[in-house]
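J.: Predicted model, plus sequence, below.
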Number of protein chains: 2
Amino acid sequence: MKLELKPIGVVHSPYKSKEDVLHRVSSTVCEIGVSKEFEEGLKDVEGFSHLIILWIFHKSKGYSLHVKPLWYKGLRGVFATRHPNRPNPIGFTVVELLERKGNILKVRGVDMLDGTPIVDIKPYTSHDRKGNIRAGWLEEAHCKLRH
Amino acid sequence: MKLELKPIGVVHSPYKSKEDVLHRVSSTVCEIGVSKEFEEGLKDVEGFSHLIILWIFHKSKGYSLHVKPLWYKGLRGVFATRHPNRPNPIGFTVVELLERKGNILKVRGVDMLDGTPIVDIKPYTSHDRKGNIRAGWLEEAHCKLRH
């Protein structure tokens, strides 16, 4: 079973490089433009404060099973990271929806490069909010960065 | 830009139909089997309490921009739902990781049919936990179901 993904829209962000994304400011407002042919599918999204965006790591070439995150010096299993070089280079981001104007979504929380193709939009619901989470090596690494 | 997805593993669940999924018990433990060739990519996932699973709606045929959720009588924009008939039929589920044994993940929170192909696994982190969420038509519909 294979599945071919087709973009349904594109991200407009001020981020031209991975470093720009790393140093982004969380309050930055960006736009997601959905292709006109899919605009009708956006009906009712206005009621949601947050949306799940699935997108393509379009600059990623190939994959590794052990990867080195940009801000970290060690190697980790790719499925324990959000690294772009994954077997299926799909990205996942939850954005805050500020406004919809037709096929344009104004959002906050974008961590995608300018021009990133998006492939799906889903409502973020209370089921997606998990409590009591542990974040393994990420927690340890962030702790070390702070101390 | 198109992207061809290849499964990296498969879900083993007791759910044989959409109705089984609708009436699932949240405590049910299921397994996700990752193909041996990708097992090394699972290194370090044990440290995470929750994982994001991206998967293929492999029984879905075609898409509509307005869809009727199984438990609901009205039509909604497809991007304001988790309906399978989407332009790119990718599913998203956050599962609780109970144990990893080699290439097998024991998890709770599966809402996928038995045999569902998975395409990505990502760590769930505090960035994915959003506070103060509003869930538009879903909240209203669930309220009506309860009263």
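T.: Perfect, I can see it now. Residues are numbered from 1 along each chain as shown, chains lettered A, B, ... in the order given.
J.: average pLDDT for stretch A:15-27?
T.: Averaged across stretch A:15-27, pLDDT comes to 93.
J.: end to end, how far does that stretch reach?
T.: One end of stretch A:15-27 to the other measures 14 Å (CA to CA, to the nearest Å).
J.: List the buried residues for that stretch?
T.: A:15, A:21, A:24 (16 or more other CB atoms under 10 Å in any protein chain shown). Heads up, the C-betas are built off the backbone N, CA and C, glycines and all.
J.: Any chance of JSON lines for these, columns distance to B:Leu3 and secondary structure?
T.: Below are the buried residues of stretch A:15-27 laid out as JSON lines (distance: CB to CB, whole Å; DSSP: H, G, I helix; E, B strand; the rest coil):
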{"residue": "A:Tyr15", "distance to B:Leu3": "20", "secondary structure": "coil"}
{"residue": "A:Val21", "distance to B:Leu3": "20", "secondary structure": "helix"}
{"residue": "A:Arg24", "distance to B:Leu3": "24", "secondary structure": "coil"}
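J.: which non-adjacent residue is nearest the residue nearest the centre of chain A?
T.: Geometric centre of chain A, nearest residue: A:Thr93, 2.9 Å, by CA atoms, centre = their mean. Using CB to CB, 6 or more residues apart in numbering or on different chains and skipping the chain neighbours, the partner closest in space to A:Thr93 is A:Ile53 (4.9 Å).
J.: From the buried residues of stretch A:15-27, pick out the ones that also neighbour chain B.
T.: Among the buried residues of stretch A:15-27, not one lies near chain B by CB under 8 Å from any CB of the partner chain.
J.: between the residues you listed, which is nearest chain B?
T.: Each of those was checked against chain B using CB to the nearest CB; the closest is A:Arg24, at 12.1 Å.
J.: Next up, the contacts around the closest one.
T.: A:15, A:110-111 (CB atoms under 8 Å, 6 or more residues apart in numbering or on different chains).
J.: would you list those residues in TSV and tack on distance to A:Leu65?
T.: Shown next, in TSV, are the contacts of A:Arg24 (distance: CB to CB, whole Å):
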residue	distance to A:Leu65
A:Tyr15	27
A:Val110	28
A:Asp111	23
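J.: from the residues you listed, which is closest to A:Ser49?
T.: A:Val110 (15.5 Å; CB to CB).
J.: Surely the closest one forms part of a helix?
T.: No: using DSSP: H, G, I helix; E, B strand; the rest coil, the secondary structure at A:Val110 is coil, not a helix.
J.: What's the local residue count around it?
T.: Residues lying near A:Val110 (other CB atoms under 10 Å in any protein chain shown) number 26.
J.: what number of residues lie near the closest residue to it other than its chain neighbours?
T.: Counting by CB to CB, 6+ apart, A:Cys30 is the residue found nearest to A:Val110 once chain neighbours are left out, at 4.1 Å. Residues contacting A:Cys30 under the criterion other CB under 10 Å number 21.
J.: what bridges to A:Cys30?
T.: A:Val107 (DSSP bridges).
J.: Keeping just the C-alphas, turn stretch A:28-40 into PDB.
T.: Extracted in PDB, the C-alpha atoms of stretch A:28-40 (Å, rounded to 0.1, in the frame of the first residue of the first chain):
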ATOM      1  CA  THR A  28       4.800  35.800  14.900                       C
ATOM      2  CA  VAL A  29       1.700  35.800  12.800                       C
ATOM      3  CA  CYS A  30       1.900  33.800   9.500                       C
ATOM      4  CA  GLU A  31      -0.500  32.800   6.800                       C
ATOM      5  CA  ILE A  32      -1.500  29.500   5.300                       C
ATOM      6  CA  GLY A  33      -3.000  29.800   1.900                       C
ATOM      7  CA  VAL A  34      -5.300  26.900   1.000                       C
ATOM      8  CA  SER A  35      -5.800  26.300  -2.800                       C
ATOM      9  CA  LYS A  36      -9.100  27.600  -4.000                       C
ATOM     10  CA  GLU A  37     -10.300  24.200  -5.100                       C
ATOM     11  CA  PHE A  38     -10.200  23.100  -1.400                       C
ATOM     12  CA  GLU A  39     -11.600  26.300   0.200                       C
ATOM     13  CA  GLU A  40     -15.100  24.800   0.800                       C
END
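J.: For it, buried residues please.
T.: Result for stretch A:28-40 [16+ other CB under 10 Å]: buried residues A:30-32, A:34, A:38-39.
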